[in-house]
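**Student:** Provide a 3D model corresponding to the input given below.
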Amino acid sequence: MNPEPSTPPPRRGRLGLALAAVLWVLPLWTIPFPPMLDYPQQLAVAAMVRWIGDPVRGFGQAYELALWHPQGLFEMVTAGLAWLLPIEVAGKLVVSLSIAAILPAAMALCRRAGRPEWYGLLALAVTYNHVFFWGFVDSLIAAPLFLGGLALADRIVEERPGLRGWCLLAGLTVLFYTAHLQMLFLFAGAVGWLALVRRPPVRTLAFHLSALLPGTALGAGVLAWVHIHSAEVMTGFQRYLDGQATIILATGEKAGRVPGLLFGVYSDGTQEVLGLILAAAVLILALHRVSSGADRTDLLVRTRFATLAGWILLLFFLLPEFSSGYLVSERLVPLAAMVMVAGLPRPSLARRRLAAAATVLLLGLQLSSVLDGFRTFGVETAGLRKVLSAAEPGQALAGLMLEQSNSTWMAPADLLRHFPAYYQVERGGRVALSFALFFNAPVRYRPGAWEDEVLARWPEADAWRFDLPRDGDRFRYFLVRGGRDDLRRVFGPRLAKARVTSSVRWHLVDLSPDLDKR
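**Tutor:** Predicted coordinates for the structure are as follows:
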């Protein structure tokens, strides 16, 4: 039985929390292109799923569907919505719902722990985090599934074992296969912990854990299959990434990065201020004296969510930063913070009110910083849609991001790196570097497609490694960010014969205006 039942807030309080979630995602709708590094590539893959058979966009010449691949939930949901909405609106809607859903999911988890539902606002405060600005949409979708799934799993393992609960747990783990593989294994471990702390009979524990097998077996199976058949499954570029050295940071260095992982990296140190306010709110709630010995009974059950958050944070410090071509540990910090809110104590009313005031301050400052950053990024991306509209559909395009973003986030990574993929979103065709090359995308290159040849000579489509005589004939269009001097330096005498469409700092260079569509 849940040891600390929670009293739901009045209807007006819940309406206020719902309004907070809606207001929280409004920044996404203030600019046409969100400041998310990988997002343009993910949206481009969604466009391939939606228009794979469209002869005008020409996706079918280079790509084919692979819907059985893991982690395709964002792309498939966005592609489905794109039948009713413009695809860029559909993508923003999915991201917005993923962020807004953190609050009701965290509230459900708090109810299970007998904590005030407004604690979920602390989880909402860390949604514009490192994961968001990297554009890891798979992780964004998986986060509310993780929190809501924990609340459901906690109820299931507390009740008498039954077929309905078993099927719900099994379905959740399989759903994580479509969302994010790392989250799948984390969720399975979390459910195992929630079951173990109750010290159930062996048969009951085995029954609950067996429900995790379908999803975990599916995830482990696909990873093993990819490893065994890497030569056939992985593209050459993915094998290149897989061979990069593993990065392991010292514990102190990791600890120093926590504020940036929770709130994004600001050049003026805003993340440190936000981290201090969050720490103050947590300490106000956490530093209180347990009033009676009765409260100490079933300690593991009572602290199950706090200890779970601790396990996830420990994994952050134990796992490498980067391995086999993927960032591994960084996305765990925001997740640990979100789970932690359900493990916070329930002190006196006065302390809760003081913590609530700190939470409101945190939300206000974070939202103000996000809006300010979004405005800056909106200025940087002004003109992109105009130059893309001048391109014919279904062509080959290479991006040359010669001018870096001045956004305060993601230093030193460049938020504009994958913006050439917006050509595929709006016009179809092919780009130099596409996420279709990864085995966990719901589309893949057709056998013999040209991406390996290009990327073998031009690793990661780095603008500064571009060689016009070597690689120029592979593309009709070049999307360039920079000044006119950059255009002259890159294209030299050929610029005089090219058709150039410019807007603000964006340029579309057409070197072959009369070339037939490939």
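
**Student:** alpha carbons only for contacts and neighbour counts from here, please
**Tutor:** Noted.

**Student:** buried stuff in stretch 30-47?
**Tutor:** 31-47 (16 or more other Cα atoms under 10 Å).

**Student:** quick one: which of these sit in helices?
**Tutor:** 39, 40, 41, 42, 43, 44, 45, 46, 47 (DSSP state H).

**Student:** And the pLDDT for the fifth one?
**Tutor:** Reported pLDDT at residue 43 in the predicted model: 98.

**Student:** Repeat that for residue 146.
**Tutor:** At residue 146, pLDDT is 98.

**Student:** quick one, what contacts it?
**Tutor:** 183, 187 (Cα atoms under 8 Å, 6 or more residues apart in numbering).

**Student:** quick one: it and residue 177, what's the gap?
**Tutor:** Counting by Cα to Cα, to the nearest Å, the separation of residue 146 from residue 177 is 12 Å.

**Student:** what about the strands in the stretch 151-300 of the chain?
**Tutor:** For the stretch 151-300 of the chain, applying DSSP state E, counting those that start in this stretch gives no strands.

**Student:** what sits up against stretch 338-346?
**Tutor:** For stretch 338-346, contacts defined as Cα under 8 Å, 6+ apart pick out 106, 109-110, 113, 115-116, 119-120, 122-124, 126, 147, 282, 285-286, 303-310, 352.

**Student:** May I see the ChimeraX selection of the buried members of those?
**Tutor:** Applied in ChimeraX, the following selects the buried portion of these according to 16+ other Cα under 10 Å:
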select :106,109,110,113,115,116,119,120,122,123,124,126,147,282,285,303,304,305,306,307,308,309,310,352
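
**Student:** From the contacts of stretch 338-346, which land in helices?
**Tutor:** Checking the contacts of stretch 338-346 against DSSP H, those in helices are 106, 109-110, 113, 120, 122-124, 147, 282, 285-286, 304-310, 352.

**Student:** Apart from its chain neighbours, what residue comes closest to the residue most central in space within the chain?
**Tutor:** The chain has residue 136 as the residue nearest its centroid, 2.4 Å off, counting by Cα atoms, centre = their mean. Of all residues not flanking residue 136 in the chain, residue 38 sits nearest, at 6.5 Å (Cα to Cα, 6 or more residues apart in numbering).

**Student:** buried ones in stretch 501-514?
**Tutor:** Applying a neighbour-count criterion of 16+ other Cα under 10 Å, one finds 501, 502, 504, 505, 506, 507, 508, 509, 510, 511 buried in stretch 501-514.

**Student:** ok, now stretch 373-393?
**Tutor:** 373-374, 376-378, 380-388, 391-393.

**Student:** swap in stretch 358-373?
**Tutor:** So, applying 16+ other Cα under 10 Å, buried residues of stretch 358-373: 358, 359, 361, 362, 363, 365, 366, 367, 370, 371, 373.

**Student:** The last one is in what secondary structure piece?
**Tutor:** Per DSSP states H and E: residue 373 is located in helix 349-381.

**Student:** outside of the next helix or strand after that helix, which residues touch it?
**Tutor:** Downstream of helix 349-381, the first helix or strand assigned by DSSP H and E is helix 384-389. Helix 384-389 is contacted by residues 423, 426, 501, 502, 503, 506, 507, 508 when judged by Cα under 8 Å, 6+ apart.

**Student:** doesn't the last one fall inside a strand?
**Tutor:** So that's residue 508. Yes. The assignment for residue 508 is a strand, going by DSSP: H, G, I helix; E, B strand; the rest coil.

**Student:** Please give me every residue in contact with it.
**Tutor:** Counting by Cα under 8 Å, 6+ apart, the residues that residue 508 touches are 387, 388, 390, 391, 477, 478, 479, 480, 500, 501, 502.

**Student:** That one bridge partners, please.
**Tutor:** Per DSSP bridges, the residues bridged to residue 508 are residue 479, residue 501.

**Student:** On the pLDDT front, check it for me.
**Tutor:** The predicted structure lists residue 508 with a pLDDT of 97.

**Student:** For stretch 374-383, which outside residues touch it?
**Tutor:** 27, 30-35, 405-407, 502-506.
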